[in-house]
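Participant: What follows is a predicted protein model with its sequence.
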Amino acid sequence: MEINNKFKIIHLKTTHSTNRDCVELGKEGKRNIIVVSDIQTKGKGRLDRFWYSNYGGLYFSILLDIKDINVEQINFIVSLSIVDTLKNYLTKDFGTVGRQKPKVFRIKFPNDIIVKNNSSIGYKKISGILGEINLNYGFVVVGIGININNSIDAEINNIATSLKEIGEKEFNKQDILNEFIINFNKYNKLTEKDILNKYKEYSATIGEKVKIITPNNEIIGIVQDIDFNGLYLKTEDNIVKNISVGDCIHLRNNNK
Ligand code: BTN
């Protein structure tokens, strides 16, 4: 497998959080490092949530110089790279043949990777991304958690799944990380327009009725479009609002 790897990879058996490790390295002036850990004792999720990080999952963070990337686009690029990586396993290992039903990886706004299914909410999350920016030191850390061979905690198994659960076998985490890096390098070379078009193709959120929860309020509406400024929500009073942050909950749409 050819990896054009400008990244130094640091592999740990355990750590608090690979994002935290990268932040420390970033403050020391280091750049282009990937920290990967077999487990994390304080895995951080979005909105200050806990990220379950038991053995078998793929937990890693990328430390980048702010000058080398487009901050607006980085989360889009990372989510696309994850979908393309996982999609590859779907075709290769458990496509539409046999008793396994076809599964589709999609991006739920802003950057959760989900698998559509028949659960009560209609999908389960397989991967999440946590971006952190440090303007003083001029770096960005993008942390990625992908449920691969790890068991899913009972507390979240109605909303989360793993590649093992879907594929009914174990997968090679190192291969998955290598393929992710190849895809990440590929998407970094695409134009803004191509990134956006691909994101829209993989979006599970465009066209959906959603509830957005921001620190100050909740808004319900139909998602008209998504771009680097966030999503465009048509509310019940027919006003289109641009929302860039918040928790996005897909409401079941029985007409679909
Ligand atoms: C989310 O809430 O969806 C984002 C989850 C991000 C988890 C990853 S695992 C590797 C990296 N280190 C962390 O502490 N968090 C990110």
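Facilitator: Okay, I see it.

Participant: Low-confidence stretches in the stretch 1-150 of the chain?
Facilitator: Counting by pLDDT under 70, the stretch 1-150 of the chain contains low-confidence ranges at 1-4, 91-103.

Participant: Please repeat the previous calculation with a cut-off of 90.
Facilitator: 1-6, 47-48, 87-104, 116-123 (pLDDT under 90).

Participant: For the closest residue to the ligand within it, what is the enclosing helix or strand?
Facilitator: Distances between the stretch 1-150 of the chain and the ligand by CB to the nearest ligand atom are smallest at Gly128, namely 2.1 Å. To be clear about C-beta, it is placed using only N, CA and C from the backbone, and glycine gets the same treatment. Take DSSP states H and E as the rule and Gly128 turns out to sit in strand 123-134.

Participant: Glu192 is in contact with Gln73, correct?
Facilitator: Yes - contact criterion CB atoms under 8 Å: Gln73 and Glu192 qualify, at 6.8 Å.

Participant: Who has more neighbours out of those two?
Facilitator: A direct count of neighbours by other CB atoms under 10 Å for Gln73 and Glu192 places Gln73 higher, at 18 against 13.

Participant: where exactly do the strands run in the stretch 51-200 of the chain?
Facilitator: Along the stretch 51-200 of the chain, the stretches classed as strands by DSSP state E, counting those that start in this stretch are 58-65, 105-108, 112-116, 123-134, 139-146.

Participant: between those strands, which one is nearest to Asn185?
Facilitator: Taking CB to CB as the criterion, Asn185 comes closest to strand 58-65 out of these, the separation being 11.5 Å.

Participant: residues of the closest one that come out buried?
Facilitator: Of the residues in strand 58-65, those buried under the neighbour-count criterion (16 or more other CB atoms under 10 Å) are 58-64.

Participant: where does that strand sit relative to the chain's centre, distance-wise?
Facilitator: When C-alpha coordinates are averaged (CA atoms, centre = their mean, to the nearest Å), strand 58-65 and its chain have centres 12 Å apart.

Participant: Which elements pack onto that strand?
Facilitator: Contact analysis of strand 58-65 by 3 or more CB pairs under 8 Å, 6 or more residues apart in numbering; DSSP states H and E lists helix 18-27, strand 33-40, strand 139-146, helix 173-188 as its packing neighbours.

Participant: The same query, at a cut-off of 10 Å, please.
Facilitator: Here strand 58-65 touches strand 8-15, helix 18-27, strand 33-40, helix 74-94, strand 123-134, strand 139-146, helix 173-188, going by 3 or more CB pairs under 10 Å, 6 or more residues apart in numbering; DSSP states H and E.

Participant: how about the first one, does it get close to the ligand?
Facilitator: No - against the ligand, strand 8-15 shows no contacts by CB under 6 Å from any ligand atom, the least distance being 8.5 Å.

Participant: ok, and for that strand, which residues are buried?
Facilitator: Within strand 8-15, the residues that qualify as buried are 10, 15, counting by 16+ other CB under 10 Å.

Participant: Contacts for it, please.
Facilitator: Judged by CB atoms under 10 Å, 6 or more residues apart in numbering, the contacts made with strand 8-15 from elsewhere in the structure are 3, 18, 21-22, 25, 30-43, 53, 55, 59-61, 63, 174, 177-178, 181.

Participant: Walk me through which strands the helix or strand where Val210 lies pairs with, and which way each runs.
Facilitator: For Val210, the element it lies in under DSSP H and E is strand 209-213. Listed by DSSP bridges, the sheet partners of strand 209-213 and their directions read strand 218-227 (antiparallel), strand 247-250 (antiparallel).

Participant: Of those, which is nearest the ligand?
Facilitator: Go through those one by one with CB to the nearest ligand atom and the one that ends up closest to the ligand is strand 247-250, at 10.0 Å.

Participant: if I pick Glu192, what's in contact with it?
Facilitator: With the criterion set at CB under 10 Å, 6+ apart, Glu192 makes contact with 70, 72-73, 76, 227-228.

Participant: so how far is the ligand from it?
Facilitator: Between Glu192 and the ligand the distance is 24 Å, computed by CB to the nearest ligand atom, to the nearest Å.
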